[in-house]
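Novice: need a structure here:
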Amino acid sequence: MQSFFLRVVLCGALSFALPIIPETDQITKGDTQLAEKYLHNYYPEPEGTPVLRSKGNNNEMADKIRQMQEFFGLKVTGQLDSPTLNEMKKPRCGVPDIGEFRAARTLNRWPRNDLTYSIQNYTPDMEPADVEDAIERAWKVWSDVTPLTFTKVSPDSADILISFVAGYHRSNRFDRAFDGYGGELAHAFFPSFGGDAHFDEDEYWAKDLKGTNLFLVAAHEFGHTLGLQHSSIWGTLMFPTYVPSNPQTFRLHEDDINRIQYLYGPPENDNDVYFNDDDDQLESPQFPTNSPAEEPSPDLCDPHLSFDAVATLRGETLFFKDSFMWRINPQRRNIEKGPTSDFWPVLKGGIEAAYELEDKDILFLFKGQRYWATRANIIQPGYPKNIHTLGFPNSVKKIDAALFDKDTKRTLLFSGDEYWSYDEAQNSMENGYPRKITSDFPGISSTVDAALHHNGHFYLFSGSKQYKFDSKQKRFTGIKKSNSWFGCR
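Specialist: Okay, here's the model as predicted:
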């Protein structure tokens with residue numbers, strides 16, 4: 001069976017005519033060219049398809065875009081809209097997302113469990129010892145959940161060759177090319193084509209998140225080396241795009257485990273729990289499909305359900321309850337849920353308040369008398385801090401809710417029956433506060449559990465109800481169930 005890389009070579013350099021694009025998306029000629037290249041590389045025509053089939057055919061290209069949108073969980077429009085283009089611009093793996101390759105025990109797996117590898121050369125971006133450590137830990141991701149073993153040997157006797165290359169290069173029977181910094185980070189061959197893995201030397205490789213993390217990319221590529229195709233489930237290791245996440249708290253997604261064990265089976269002593277060398281259980285910055293937890297997940301459509309905190313994060317909306325979190329992404333169909341500690345391992349319990357400063361890409365999380373600043377799932381240096389450093393009196397023991405008003409550039413912080421206004425530009429509390437919540441938000445008879453600023457309105461959550469408040473007209477405009485965001489009635 002031919003590999004995906006051979007399929008890309010057979011496709012050649014085609015010239016696709018893309019579907020008509022809405023003017024509101026302001027897609028440039030360069031964007032169109034990027035999309036054409038992306039679709040040719042990662043959504044190639046099936047083997048044997050005439051080259052001329054796709055030339056000038058808007059319907060064919062619309063189908064390709066729909067394929068890509070469906071794979072990534074985007075709204076399927078068949079048009080090169082902004083969300084689709086943004087996904088195309090993200091750094092990713094060079095293996096195509098579609099093709100005839102399937103996880104078959106006989107054709108796309110190694111015939112034995114004891115495999116060897118060799119590192120052909122080293123990137124100057126990292127110390128050789130750090131490269132070796134990242135590669136070894138990347139193999140361990142897969143050996144922890146299978147009976148496979150991986151041993152570093154000399155190049156002449158290795159099953160799998162690992163190298164850092166730039167631009168055009170040749171491996172096995174295929175000429176391949178990297179595209180410079182960004183874009184395609186790495187690619188690997190499937191078992192039937194030797195399993196070699198290549199990393200683009202034009203990237204800046206790092207052992208942490210100050211560059212492209214070698215461990216995360218290598219673990220993904222080694223999945224291909226072992227026979228895995230890309231996954232369409234966001235949060236899996238085998239998802240095509242690179243998602244920076246703390247390599248020290250990484251845990252393999254359940255879907256990745258199920259697929260690799262389909263090929264090779266579970267480890268000989270499988271107890272479904274995996275540990276690192278320090279016996280600290282590894283945790284994932286993405287949500288497994290069924291994350292283990294000490295308590296049952298709340299019923300999302302329970303009519304009495306209340307939330308502890310609500311906030312935005314990079315276009316998503318996060319809902320916190322006890323030790324769990326739900327994520328709504330407007331470009332994805334499915335609602336993700338899982339323990340909060342899967343995303344922020346240091347936060348074992350529930351979040352009590354949260355708000356985002358979008359222009360700074362910072363999310364603040366409050367719990368008791370401490371608060372954290374985080375970019376995505378990376379806690380920033382110097383945190384946690386005490387809430388009293390913000391200017392609260394000692395009588396305030398915790399923050400119940402918080403929201404950032406994009407119009408005034410003030411953050412409203414609720415505690416008990418009072419609230420404060422924090423000037424983000426001046427980094428200080430405003431004079432005249434605290435004020436009684438009922439004075440400025442009449443109609444709420446109890447405390448505010450969670451708060452959110454969305455599309456020019458405040459949403460104040462109290463118990464199982466949410467109150468929609470027009471911040472300009474200073475009046476409530478509606479009351480709904482707190483979980484109405486999820487389509488619950």
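Novice: pLDDT averaged over stretch 405-417 - what is it?
Specialist: Mean pLDDT, taken over the full extent of stretch 405-417, equals 93.
Novice: ok, now stretch 183-191?
Specialist: Here the average pLDDT along stretch 183-191 is 92.
Novice: what's it in contact with?
Specialist: Under the contact criterion C-beta atoms under 8 Å, 6 or more residues apart in numbering, stretch 183-191 has outside partners 3-5, 41, 91-95, 101, 108-110, 171-172, 176, 178, 195-200, 203, 212, 217-218, 220-222, 224-227, 242. Glycine gets a C-beta too; all of them are placed from N, C-alpha and C.
Novice: Do me a favour and get the end-to-end distance for that stretch?
Specialist: The straight-line separation of the ends of stretch 183-191 (C-alpha to C-alpha, to the nearest Å) is 25 Å.
Novice: Check stretch 40-60 too.
Specialist: Using C-alpha to C-alpha, the two ends of stretch 40-60 sit 12 Å apart.
Novice: any idea of the mean pLDDT for it?
Specialist: In this model, stretch 40-60 has an average pLDDT of 58.
Novice: And stretch 473-486, by the same measure?
Specialist: Confidence for stretch 473-486, expressed as mean pLDDT, is 83.
Novice: ok, and what's touching that stretch?
Specialist: Counting by C-beta under 8 Å, 6+ apart, 300-303, 305-307, 317, 319, 326, 328, 335, 440-443, 450, 457, 461, 463-470, 488-489 sit against stretch 473-486.
Novice: Centre of the chain to it, how far?
Specialist: In terms of C-alpha atoms, centre = their mean, to the nearest Å, the gap separating the centre of stretch 473-486 from the centre of its chain is 29 Å.
Novice: Next: stretch 35-45.
Specialist: A distance of 22 Å separates the centroid of the chain from that of stretch 35-45, by C-alpha atoms, centre = their mean.
Novice: Whichever of the contacts of stretch 183-191 count as buried, I'd like them selected in PyMOL; how would that read?
Specialist: If you want just the buried ones from the contacts of stretch 183-191 in PyMOL, going by 16 or more other C-beta atoms under 10 Å, the selection is:
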select buried, resi 3+4+5+41+91+92+93+94+95+101+108+109+110+171+176+178+195+196+197+198+199+200+203+212+217+218+220+221+222+224+225+226+227+242
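Novice: quick one, helices of this protein?
Specialist: 4-11, 29-42, 58-71, 82-88, 128-143, 214-225, 254-264, 437-440 (DSSP state H).
Novice: With distance to R475 added, can I get those in TSV?
Specialist: Conversion of these to TSV gives the following (distance: least, C-beta to C-beta, whole Å):
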stretch	distance to R475
helix 4-11	58
helix 29-42	43
helix 58-71	40
helix 82-88	34
helix 128-143	54
helix 214-225	49
helix 254-264	47
helix 437-440	11
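Novice: Which among those helices is found nearest to Y383?
Specialist: Nearest of the helices of the chain to Y383, taken as C-beta to C-beta: helix 214-225 at 23.2 Å.
Novice: Just the buried ones from the contacts of stretch 473-486?
Specialist: 300, 305-307, 317, 319, 326, 328, 441, 450, 457, 461, 463-467, 469.
Novice: In strands only, show me those.
Specialist: Secondary structure assignment by DSSP state E places 317, 319, 326, 328, 450, 457, 461, 465-467, 469 of the buried ones among the contacts of stretch 473-486 in strands.
Novice: So which of those residues is the closest to K409?
Specialist: The nearest one, if we look at those relative to K409 and count by C-beta to C-beta, is H457, at 16.9 Å.
Novice: Need the nearest residue in space to that closest one, chain neighbours excluded.
Specialist: In space, H457 comes closest to K468 once its chain neighbours are excluded; the distance is 5.5 Å by C-beta to C-beta, 6 or more residues apart in numbering.
Novice: any idea how far the one you found lies from L412?
Specialist: Taken as C-beta to C-beta, to the nearest Å, the spacing of K468 relative to L412 amounts to 15 Å.
Novice: hey, C-alpha coordinates of stretch 413-430 in PDB?
Specialist: Only the C-alpha atoms of stretch 413-430 are listed here, as PDB (Å, rounded to 0.1, in the frame of the first residue of the first chain):
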ATOM      1  CA  LEU A 413     -15.200  41.600  41.000                       C
ATOM      2  CA  PHE A 414     -18.100  40.300  43.100                       C
ATOM      3  CA  SER A 415     -17.800  39.000  46.700                       C
ATOM      4  CA  GLY A 416     -20.800  38.400  49.000                       C
ATOM      5  CA  ASP A 417     -23.400  41.200  48.500                       C
ATOM      6  CA  GLU A 418     -20.800  43.700  47.200                       C
ATOM      7  CA  TYR A 419     -18.700  44.300  44.100                       C
ATOM      8  CA  TRP A 420     -15.600  46.300  43.200                       C
ATOM      9  CA  SER A 421     -14.300  47.900  40.000                       C
ATOM     10  CA  TYR A 422     -10.700  47.300  39.100                       C
ATOM     11  CA  ASP A 423      -9.000  49.700  36.600                       C
ATOM     12  CA  GLU A 424      -6.800  47.400  34.400                       C
ATOM     13  CA  ALA A 425      -4.900  50.300  32.900                       C
ATOM     14  CA  GLN A 426      -4.000  51.800  36.300                       C
ATOM     15  CA  ASN A 427      -3.700  48.400  38.100                       C
ATOM     16  CA  SER A 428      -5.800  49.700  41.000                       C
ATOM     17  CA  MET A 429      -9.200  49.600  42.500                       C
ATOM     18  CA  GLU A 430     -11.500  52.500  41.600                       C
END
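Novice: mind listing what's buried in it?
Specialist: Along stretch 413-430, the positions that meet the burial threshold by neighbour count (16+ other C-beta under 10 Å) are 413-416, 418-422, 429.
Novice: how about the strands in the stretch 101-250 of the chain?
Specialist: Assigned by DSSP state E, counting those that start in this stretch, the stretch 101-250 of the chain shows strands spanning 114-119, 149-152, 160-165, 168-171, 174-177, 184-188, 197-200, 205-206, 212-213.
Novice: Which among these is found nearest to H253?
Specialist: Among the strands of the stretch 101-250 of the chain, strand 212-213 comes nearest to H253, with 16.8 Å by C-beta to C-beta.
Novice: what mean pLDDT would you report for that closest one?
Specialist: In this model, strand 212-213 carries a mean pLDDT of 96.
Novice: again, but for stretch 386-394
Specialist: Stretch 386-394 shows a mean pLDDT of 91.
Novice: Send me that stretch as PDB with only the CA atoms.
Specialist: Once side chains and other backbone atoms are set aside, the C-alpha atoms of stretch 386-394 remain, and they are given as PDB (Å, rounded to 0.1, in the frame of the first residue of the first chain):
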ATOM      1  CA  ASN A 386      -3.000  36.800  47.100                       C
ATOM      2  CA  ILE A 387      -6.200  38.600  46.200                       C
ATOM      3  CA  HIS A 388      -5.500  41.300  48.700                       C
ATOM      4  CA  THR A 389      -2.600  42.500  46.500                       C
ATOM      5  CA  LEU A 390      -5.400  43.800  44.200                       C
ATOM      6  CA  GLY A 391      -6.600  46.100  46.900                       C
ATOM      7  CA  PHE A 392      -9.300  44.100  48.600                       C
ATOM      8  CA  PRO A 393      -9.800  44.600  52.400                       C
ATOM      9  CA  ASN A 394      -8.800  41.800  54.600                       C
END
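Novice: which residues are contacting that stretch?
Specialist: Judged by C-beta under 8 Å, 6+ apart, the contacts made with stretch 386-394 from elsewhere in the structure are 366, 369-371, 396, 398-399, 413, 415, 420, 422, 428-429.
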